[in-house]
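1. Build me a model from this:
(one chain, ligands or ions: 1)
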Amino acid sequence: MINIQHISKEFGKLKALNDINVTLEGGECIALIGPNGSGKTTLIKTILGMVVPSAGQILFDGQSIEQKWIYRNEIGYMPQIGQYPENMTIAQVLDMMKDIRKMPENKLDLELYHAFNLPALLSKRMGTLSGGTRQKVSACLAFMFSPKALILDEPTAGLDPLSTEILKDKIQREKEKNKLIIISSHVLSDLDDMVSQIVYLQDGKLIFHKTLQQLKEDTGTQKLSKAIAHVMSLPNQPNEGAVHE
Ligand SMILES: Nc1ncnc2c1ncn2[C@@H]1O[C@H](COP(=O)(O)OP(=O)(O)OP(=O)(O)O)[C@@H](O)[C@H]1O
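-> Numbering: from 1, shown residues only. This is a model prediction of the structure:
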């Protein structure tokens, strides 16, 4: 579904992404993991067309995304911190997005809207929301238009335990519908029972892309958090035992 080919991105002298090659397919829930500043958000923004790479190209369903916008309708994006017009109410933000996307009401996926009890909060202004409620609005919008791919940047940050479970359950069900889910998170305990593959970045380089099972076998651990701690303590690894690209 998403084919990342030789992507590099420089910010001045800094190589935020260094010749990244990776293919991400539907039906997988892929964790994008790496230390702070390793390039995860830059890679996500490159996939979304918000950052223009210095070299390389990205294909979405076989088509280059360069200078094209229509593919973005196929991707639901939940940013780390959602930016909204602060004076608008939740109802106005949802209506604005529905107007832009022009999807008939009966086609909308309103599962999270109801599960997060947003109907009771519709008249609240975005600027007055708690961090967790803002996250719920972002999650609701990411899933509402039934996109083929979902990119979730720290999706559980600020969510209470029940809301975290609601979101994890939704992610699991969307994966089973053959959607591609990409999650960037430092909360590895949240990812353990959800993810099927790991993409690990360090200093802008792809260190490995493997199944969770393979990573656990390679590190001799049963928990993702332990496996990643093991990887972080090693010098850079080549992309061994990788998912076939
Ligand atoms: N617009 C920008 N201008 C200059 N440097 C940038 C810009 N965006 C990112 N960088 C730099 O690129 C590198 C990668 O940043 P990025 O935000 O992609 O990392 P990350 O892996 O998402 O980090 P974190 O885990 O802290 O969220 C960092 O050194 C960052 O300072």
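
2. rest of the way, CA atoms for contacts and neighbours
-> OK.

3. Check which element follows the strand or helix carrying residue 163 along the chain.
-> Using DSSP states H and E, the element containing residue 163 is helix 161-176. Next in sequence after helix 161-176, counting helices and strands by DSSP H and E, comes strand 180-184.

4. which helices and strands sit right next to the helix-or-strand element of the chain with minimal mean pLDDT?
-> Using mean pLDDT, DSSP states H and E, helix 188-191 stands out as the lowest-scoring helix or strand of the chain, at a mean of 85. In terms of contacts (3 or more CA pairs under 8 Å, 6 or more residues apart in numbering; DSSP states H and E), helix 188-191 is packed against helix 224-232.

5. what's near enough to touch the residue of the chain positioned farthest from its centre?
-> Relative to the centre of the chain, the most outlying C-alpha is that of residue 123, 28.4 Å out, by CA atoms, centre = their mean. Shown in contact with residue 123 (CA atoms under 8 Å, 6 or more residues apart in numbering): 89, 90, 91.

6. on that earlier part again, the least confident helix or strand of the chain near the ligand at all?
-> No: using CA under 6 Å from any ligand atom, helix 188-191 stays clear of the ligand, coming no nearer than 12.6 Å.

7. Helix or strand next in line after that helix, which one?
-> strand 197-202.

8. Would you list the strands that that next one pairs with, along with their directions?
-> strand 29-33 (parallel), strand 205-211 (antiparallel) (DSSP bridges).

9. can you list these in JSON lines and add mean pLDDT, distance to residue 154 and mean neighbour count?
-> Shown next, in JSON lines, are these (pLDDT from 0 to 100; distance: least, CA to CA, whole Å; neighbours: other CA atoms under 10 Å):
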{"stretch": "strand 29-33", "mean pLDDT": "96", "distance to residue 154": "10", "mean neighbour count": "25"}
{"stretch": "strand 205-211", "mean pLDDT": "95", "distance to residue 154": "19", "mean neighbour count": "21"}
